[in-house]
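[1] Predicted coordinates and the sequence they were generated for:
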Amino acid sequence: MASLVFLGGFVSNNHVKGALLGVSLLAISAQAIAADKIDQRNVTSIPAVAGEAYLVEFNENQGTIITGKKGERLYAHSFKFDLLKKERIGCWAQTNTDVRFAHAHERPDRDKGPRPGWKVSSDSKIKGKNKIKECDFGGVISDAGRYDITFTAERPGTMRVYFYNEALKTNKDLASVEMSSARLVDANEMAGLPAMAAGMPVYMGIMPEGGTSWLSTKPEKLRPYFAALLRDAEYNAVGNFAKLGVAAMAEGEIAIAEWALDHSLDRIEAIYADDEVAKAARSKFTEESIKDFKGDPYERAMAYYYRGLLYLREGDFGNARASFASAEYQDTVSEAEEFQSDFGLMNYLAGWSARCLGNEALAGDAFAAAQRMDSTLVAPESSDKTLIVAEAGQGPVKQRRGRGMQMVGVYHSYGFTKPDAAPPVIEGTDLALYRAGDISYQATTRGGRQFDAIMNGKVAYKNTMGTLADLSTVASIGSSLLSDQLGSLGGIGGMLGMFGGIAGNSLSDATKASADVRYWDSLPDAVFVGTANAKSIPKVRFSPAATERHRMVSEDGLKCNLVWVSDRDLSAVAAGLAGTPLEAPKWREKEDGAQARDDAFRQNLMAGTI
């Protein structure tokens, strides 16, 4: 493959690292000039992320039809990326038809060529022999911004393409594994969506002696969750307890759900309670003391949310209100900073709980707070005695990206619910449900302000140009929280290639700390609420083709009733925490006391003392 010129950095097909040779007109190849003559103005770009494999079809119905430099008709597919300075993206492709590809950098001030607003910097070719070839997406990025890579073919065919972070040593064999499960993409459907990806749970521990017998006593559908809890021990206990709790709730195993969520919250409280002891604990964070997963603010908030729903179910409205208030608090506190609350759903649910307690003053304050955060969250009619909570879509994911992978990005999953999606409806009624909670929004904001990345508990915000305001400052902040996974990542290969992250331009190449991208992957994306004066609520329909998969209702004879439904098969979500690295067992072996704590956890769990 020919060498490329990419944003002033010369990158050969063996990915020369770190070379920034400056912008030079003499460096622009004849191929790059030729690529600029291809009419790409109307190409529909698919948002893409490192760590994902895509299957594209070159035909009349997929992608875009464009005109080549000789006037020929071409099938085109384009992928777009938001990249940071010094970020590195690699690319492998496999195709059964001859394909050309060109890279471009968005330049709004550029008005030359057939594609105004973009500077095309390379053009190369892959033969359609179904062999895996590098498509040399990048090398070192000298300017943060939006980039794309456009593939064109003269004849119909298919292509698999895998983008990866060059900080991960991804070879042809690993790329082949990733591409074997490539997702078929439709450019027309995905054009308006954000870049999306899904994580892969990985068990980090072995099954202890007696573990199999212990698991045989658990409900069959919940055994994978108990297995993850047993194997991962304290390392992932907060997340595994929470996932088990929600799966148990969906399966009607209420006692297990309450037990699991209580143990998740006990561990959260040790660090994130609203008291001076917890604040003192947070102030002493070090890389060695925070390896156990505790979750991001939105994840901790959702653990309290589910516990609050269980309290509502049994009519314990006082503890329900306290749980929702704690959920709202958790959304305001990160490891290194505190923020203004913006999770109106939790205020609304606290208001409902207070009303069920008979305290209209507390209820009024909570409903007013909810409406200040979200104008659609109006107080329910006083005659309504039933609360309907409907969860839809797949929640956000975390990724590493960038040169050193020391920062965390949070993104929509493939199954997220579009903001303009029609709300669920109650079959046979005109009862309206409205979107009261947007989990992806909560995951990607602090105090209502959108951020781009997290490093060491600090967030980096976008400036008015849509790029990170000051990465060098962010990169130098602290040495705690989400960069808690230590060690060389070279051996993780394709498994960690499922994840991205973000790194600042002042980070040392020698730094081996990588951001923690473990996350709770069974959360919803949207929560819809509504109230009614009837206790019996018919089935909830989420779309013409989708109805509720799970339902939980309150106990009989309560002053207030609850109907909770979900459109996701929660018991079918893979057990374990997405983003758990393969090398975690080695890291735990080197951490003082970690193995002893994990062994004690497993023994106590099987003995029934946890």
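    Looks like it arrived, so ask away.

[2] in which helix or strand would I find Ala436?
    Using DSSP states H and E, Ala436 falls within strand 434-438.

[3] Name the residues of that strand that come out as buried.
    435-438 (16 or more other Cβ atoms under 10 Å). Heads up, the C-betas are built off the backbone N, CA and C, glycines and all.

[4] Could you do stretch 407-420 as well?
    407-413, 416-417.

[5] Out of those, which comes closest to Pro423?
    Nearest to Pro423 among the buried residues of stretch 407-420, counting by Cβ to Cβ, is Thr417 at 9.7 Å.

[6] Check what pLDDT the closest residue in space to the closest one that isn't next to it in sequence gets.
    Of all residues not flanking Thr417 in the chain, Gly393 sits nearest, at 3.4 Å (Cβ to Cβ, 6 or more residues apart in numbering). Listed pLDDT for Gly393 reads 91.

[7] Next: Asp274.
    The model's pLDDT for Asp274 equals 69.

[8] Then the one 3 residues further on?
    At Val277, the pLDDT value in this model is 64.

[9] Same check on Ala545?
    For Ala545, the model assigns a pLDDT of 85.

[10] Can you pull the phi/psi pair for it?
    Dihedral pair for Ala545: phi -110, psi 0, per degrees, to the nearest 10.

[11] Could you report the neighbour count for it?
    6 (other Cβ atoms under 10 Å).

[12] Against Ala250, how distant is it?
    20 Å (Cβ to Cβ, to the nearest Å).

[13] try Leu215
    Distance of Leu215 to Ala250, computed by Cβ to Cβ: 19 Å.

[14] same check, this time on Thr152
    Going from Thr152 to Ala250 by Cβ to Cβ gives 46 Å.

[15] again, but for Gly71
    In this view, Gly71 and Ala250 are 58 Å apart by Cβ to Cβ.

[16] out of these two, which sits in the busier spot?
    Remark: of Gly71 and Ala250, Ala250 carries more neighbours, 25 against 7, as counted by other Cβ under 10 Å.

[17] Do I have it right that that one meets Val565?
    No. At 10.0 Å, Ala250 does not count as touching Val565 under the criterion of Cβ atoms under 8 Å.

[18] Now for Ala247, how many residues are close by?
    27.

[19] Name the SS class of it, please.
    Under DSSP: H, G, I helix; E, B strand; the rest coil, the three-state class of Ala247 is helix.

[20] Go ahead and confirm it touches Phe226.
    No. Assessed by Cβ under 8 Å, Ala247 is found out of contact with Phe226, at 10.0 Å.

[21] pLDDT score assigned to the residue at minimal distance from the centre of the chain?
    Central residue of the chain (Cα atoms, centre = their mean): Val397, 1.0 Å from the mean position. Looking at Val397, its pLDDT reads 85.

[22] separation between it and Ala104?
    Distance from Val397 to Ala104, counting by Cβ to Cβ: 27 Å.

[23] ok, now how distant is the residue nearest to Thr417 from Pro224?
    Between Gly393 and Pro224 the computed distance is 22 Å (Cβ to Cβ).

[24] how about the host helix or strand of Asp266 as PDB, C-alpha atoms only?
    Following DSSP H and E, one finds Asp266 within helix 254-272. The C-alpha trace of helix 254-272 is given here as PDB (Å, rounded to 0.1, in the frame of the first residue of the first chain):
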ATOM      1  CA  ILE A 254     -37.800  -9.800  44.900                       C
ATOM      2  CA  ALA A 255     -35.900 -11.100  48.000                       C
ATOM      3  CA  ILE A 256     -32.700 -11.600  45.900                       C
ATOM      4  CA  ALA A 257     -33.100  -8.200  44.200                       C
ATOM      5  CA  GLU A 258     -33.400  -6.400  47.600                       C
ATOM      6  CA  TRP A 259     -30.400  -8.400  49.000                       C
ATOM      7  CA  ALA A 260     -28.200  -7.700  45.900                       C
ATOM      8  CA  LEU A 261     -29.000  -4.000  45.600                       C
ATOM      9  CA  ASP A 262     -28.500  -3.500  49.400                       C
ATOM     10  CA  HIS A 263     -25.000  -5.000  49.100                       C
ATOM     11  CA  SER A 264     -24.200  -2.800  46.100                       C
ATOM     12  CA  LEU A 265     -25.300   0.300  47.900                       C
ATOM     13  CA  ASP A 266     -23.400  -0.600  51.100                       C
ATOM     14  CA  ARG A 267     -20.200  -0.400  49.100                       C
ATOM     15  CA  ILE A 268     -21.200   2.800  47.400                       C
ATOM     16  CA  GLU A 269     -22.100   4.400  50.700                       C
ATOM     17  CA  ALA A 270     -18.600   3.700  52.000                       C
ATOM     18  CA  ILE A 271     -17.200   6.200  49.600                       C
ATOM     19  CA  TYR A 272     -20.000   8.300  48.200                       C
END
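
[25] Leu55: neighbouring residues, count only.
    15.
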